[in-house]
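give the three-dimensional model of this entry:
(3 chains)
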Amino acid sequence: LGVSGAAAPSGVITLTTDFGLEAPFVGVMKGVILALLPQARIIDLTHQIEPYWPAEAGFWLARSFGWFPRGSVHVAVVDPGVGTARGLLAVSAAGHHFLAPDNGLLAPLLSRYPDALVVRVDAARGGVMPAVSNTFHGRDILAPLAARLAAGSCTCAGLGEPVSAWVPSPVGEAVAAAGRVSGVVITIDRYGNLISNIDAALLSAQGSPVVRAGPLALPLTRTYGDMPAGSYLALINSFGVVEVARSQGNAAASLGLGRGAPVTVTGSG
Amino acid sequence: LGVSGAAAPSGVITLTTDFGLEAPFVGVMKGVILALLPQARIIDLTHQIEPYWPAEAGFWLARSFGWFPRGSVHVAVVDPGVGTARGLLAVSAAGHHFLAPDNGLLAPLLSRYPDALVVRVDAARGGVMPAVSNTFHGRDILAPLAARLAAGSCTCAGLGEPVSAWVPSPVGEAVAAAGRVSGVVITIDRYGNLISNIDAALLSAQGSPVVRAGPLALPLTRTYGDMPAGSYLALINSFGVVEVARSQGNAAASLGLGRGAPVTVTGSG
Amino acid sequence: LGVSGAAAPSGVITLTTDFGLEAPFVGVMKGVILALLPQARIIDLTHQIEPYWPAEAGFWLARSFGWFPRGSVHVAVVDPGVGTARGLLAVSAAGHHFLAPDNGLLAPLLSRYPDALVVRVDAARGGVMPAVSNTFHGRDILAPLAARLAAGSCTCAGLGEPVSAWVPSPVGEAVAAAGRVSGVVITIDRYGNLISNIDAALLSAQGSPVVRAGPLALPLTRTYGDMPAGSYLALINSFGVVEVARSQGNAAASLGLGRGAPVTVTGSG
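Here you go, the predicted model:
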């Protein structure tokens, strides 16, 4: 086990995209994978990432991959630059492998694992589909490479040259300064919960945090059901970040807040 | 094979939730399962249950599990009370296993299988994730227990103490009285079909049933295509319950009816 | 390997429907398959086909199945005529098997593979569920037959009598005449890209094609990112057909165009 955290392949491949489920884009990626690795177990993380917004995919990927067995391969495709000069990255970190466009998507992961191995994928080395389209590298490059990584027939190191720089996230990490932590709503779930990019660790120095989003100023509560139906609340959710919710309701719809809306946390003063 | 209908594990685990597919909540539950039971075959029943409404999940679960191999494990999470004092149930019935919050979700199943083994899950017995969050017991308790049940490494009986009472469904079963069967719209499918909780068995004594929903009074027909496009119709659907539909149209949208709307069936008199 | 392109079963079964994911219809089809063939690997192509519109399912199926391993079984259910006198077809073509209603759904496939073996399914030959409903043949007939085809325990030829005629597609293929190729928007993806049924091969004789849809007249470009955000563009997409898109935007919503809207391609004159 080296610094890059290599692990025996688990045979699990996860997919995270903004493709939606209307067209068979996800399905054909799975077909390509199964043609190369019949025993692959392919899991959808989500295909409902806000179109063209890699920040949301990167947020979820960095906070979700750890629930999968070590040696899993995680493919993320939110890729408005497909077919242009933008690169593709292969990353090994924490015993997992990652494949994604070099557009900031992997920045939240890479900021957490400074010893990750990061490679710029060189499709000319082979292992990709015989004909690569200009508009669907998820199918033509990333799916076959994911199958090979999951099969153990290649490593990230073999996919290209290591790089030490990559495109930063289009959305900065939350920052703590002068007694205030400032972040944004990075994703919204089906319940309308406003999920921020503020990690609980940033709040540790604070006494009684107050979470502000839109017109609200809320103390932290333990769980949704601790508040009466209809009440707004804030909590540290099960992925370790600050979330604003409405008990048995939809905070996003009620407040008219969306992705990118500011969320701040201060002491109770 | 005892009264609880124990069967050899099939390795199949089904998931039914109100999580939606926007966030990776379902995906990480699958990750937890695969880390414990790599050969698990995990099937989504639906993740589009009306948020916070366990009645719909219980309806579908009770009428769907029988299509899966005996020895399957069925996990259902519609759980507005997560992290509060509400309990979790493990049930063995008809050769299948079930895991869900004790909030009425399993009531439609339990009313059909009076000899089911019902256990209140005691997470302190172990087998759950090392750290249990306050807001995602699907991932932290139910997924690992499902993996163990599907692996055959534990039984429902081993998960806690048997109980003989549980929270009733928030929606009553349909009732037949004085020549009239009264139920409600319990779910709506993508076609806008209004699916009631009225089982066909309740109609057996009637001659020529008339189904009423909103402004409509409809005889039973055999199938959608027996009526011209645009016509409303009523039938006994493939899950054995009364349904109101519009041929090649959307009854729910056209009629403005939703979950909870009354549906009644009377003789043709 | 005969004219029908028979291949050893891959164990892969794909599903394409207009069922949506709200109700567990897809889930129970998978349950039926797994009960018969536990090792089946079942992949969703899409369940978001426009309700009651087999043309869209046929378009995607004909252009997607080739990404799956030879010997796969593809089940498509867009079936407003379920339970009426309409037939069910089993097809072997290009080393794959297909099951679908005889309502035009398979026409795009059959027009590409004139040597396909086409059989009208005779459910009376057995291999289906003991009780066949009037409204869900996907579960009661097609799922069990798919499992048997995928297991190699039957062939398409064994499912019924060969036929040489079938219901044509409700949407014609694109036609080239007098220097103009005329087609329609056949599907729209999550990005709002307007995907036509005009194959690139129809354009080969043209010099500098101009694509017309709604008010637009667009030259062909290489990929989305070659145009500034917000610009409309046309390209040959990764499934080999003409597509009209808006860079980092939603062409369908912006233009108010939907399925069936005309798309034409002419020389640049």
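
assess the claim that residue A:248 and residue B:81 are in contact.
No: applying CB atoms under 8 Å as the test, residue A:248 and residue B:81 come out as separate, 9.8 Å apart. C-betas here are computed from N, CA, C, even on glycine.

what stretches of the stretch 151-269 of chain A score poorly on pLDDT?
A:205-206, A:268-269 (pLDDT under 70).

could you pull up phi and psi at residue A:53?
phi -120, psi 90 (degrees, to the nearest 10).

for residue A:38, helix, strand, or coil?
Here residue A:38 is recorded as coil under DSSP: H, G, I helix; E, B strand; the rest coil.

residues making contact with the host helix or strand of residue A:186?
Per DSSP states H and E, residue A:186 falls inside strand A:180-188. For strand A:180-188, the surrounding residues in contact (CB atoms under 8 Å, 6 or more residues apart in numbering or on different chains) are A:50, A:55-56, A:59-60, A:171, A:173-176, A:194-198, A:202-203, A:213, A:242, A:252, A:257-266, B:22-23.

got a ChimeraX select line for the buried ones in those residues?
Filtering those down to the buried ones (16 or more other CB atoms under 10 Å in any protein chain shown) takes a single ChimeraX command:
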select /A:50,55,56,59,60,171,174,176,194,195,196,197,198,202,203,213,242,252,257,259,261,263,264,265,266 /B:22,23
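
just checking, which of the contacts of strand A:180-188 belong to strands?
A:175-176, A:194-198, A:213, A:242, A:262-266 (DSSP state E).

low-scoring stretches of the stretch 1-150 of chain A, by residue?
Ranges of the stretch 1-150 of chain A meeting pLDDT under 70: A:1-6.

ok and the residue in it nearest chain C?
residue A:20 (2.8 Å; CB to the nearest CB).

for residue B:265, see how far away that residue is.
With distances taken as CB to CB, to the nearest Å, residue A:20 is found 39 Å from residue B:265.

can you give me the helices in the stretch 151-269 of chain A?
A:251-255 (DSSP state H, counting those that start in this stretch).

does chain C sit close to stretch A:83-102?
Yes: for stretch A:83-102, a contact with chain C is found by CB under 8 Å from any CB of the partner chain, at A:83, A:84, A:86.

span of that stretch from start to end?
12 Å (CA to CA, to the nearest Å).

for it, buried residues please.
Neighbour-count burial for stretch A:83-102 [16+ other CB under 10 Å]: A:83, A:87-102.

quick one: is that stretch near chain B?
No: for stretch A:83-102, no contact with chain B is found by CB under 8 Å from any CB; the gap never falls below 10.8 Å.

before we move on, what SS does residue A:140 have?
helix.

neighbours of it, how many?
Around residue A:140 there are 22 other residues, counting by other CB atoms under 10 Å in any protein chain shown.

tell me the spacing between it and residue A:127.
11 Å.

about what we covered before: now the strand holding residue A:186 and strand A:194-199, what's the angle there?
130 degrees (axes from the mean of the first three to the mean of the last three CA atoms, to 10 degrees).

in its sheet, what does strand A:180-188 sit against?
strand A:175-177 (antiparallel), strand A:194-199 (antiparallel), strand A:262-266 (antiparallel) (DSSP bridges).

in a markdown table, list these along with distance to residue C:227.
Shown next, in a markdown table, are the strands paired with strand A:180-188 (distance: least, CB to CB, whole Å):
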| stretch | distance to residue C:227 |
| --- | --- |
| strand A:175-177 | 35 |
| strand A:194-199 | 30 |
| strand A:262-266 | 32 |
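
what's the closest of those strands to residue C:77?
strand A:194-199 (35.9 Å; CB to CB).

which other residues reach that closest one?
Contacts for strand A:194-199 (CB under 8 Å, 6+ apart): A:59, A:108, A:171, A:173-174, A:181, A:183-189, A:213, A:237, A:239-245, A:251-252, A:255, A:257, A:261, A:263, A:265, B:23.

got it, and stretch A:111-122?
Identification of contacts with stretch A:111-122 by CB under 8 Å, 6+ apart yields A:3-5, A:62, A:87-94, A:99, A:102, A:109-110, A:141, A:145, A:156-157, A:159-164, A:166, A:173.

check the residues of stretch A:83-102 next to chain C against chain B and report the nearest one.
Of those, the one sitting nearest to chain B (CB to the nearest CB) turns out to be residue A:86, at 24.3 Å.

thought the closest one was touching residue A:103?
Yes: between residue A:86 and residue A:103 there is a contact under CB under 8 Å: 5.9 Å.

any common contacting residues for these two?
In contact with both residue A:86 and residue A:103: A:79, A:167, using CB under 8 Å, 6+ apart.

in strands, which of the residues of stretch A:83-102 next to chain C appear?
Among the residues of stretch A:83-102 next to chain C, no member lies in strands (by DSSP E).

residue C:208: which of those is nearest?
Closest to residue C:208 out of the residues of stretch A:83-102 next to chain C is residue A:83 (20.3 Å), distances taken as CB to CB.

does the closest one touch residue C:221 like I think?
No: contact criterion CB under 8 Å: residue A:83 and residue C:221 do not qualify, at 10.1 Å.

with adjacent residues omitted, what lies nearest to residue A:235?
Excluding its sequence neighbours, the residue lying closest to residue A:235 (CB to CB, 6 or more residues apart in numbering or on different chains) is residue A:221, at 5.4 Å.

identify the residues contacting that neighbour.
Here residue A:221 is in contact with A:227, A:233, A:234, A:235 (CB under 8 Å, 6+ apart).
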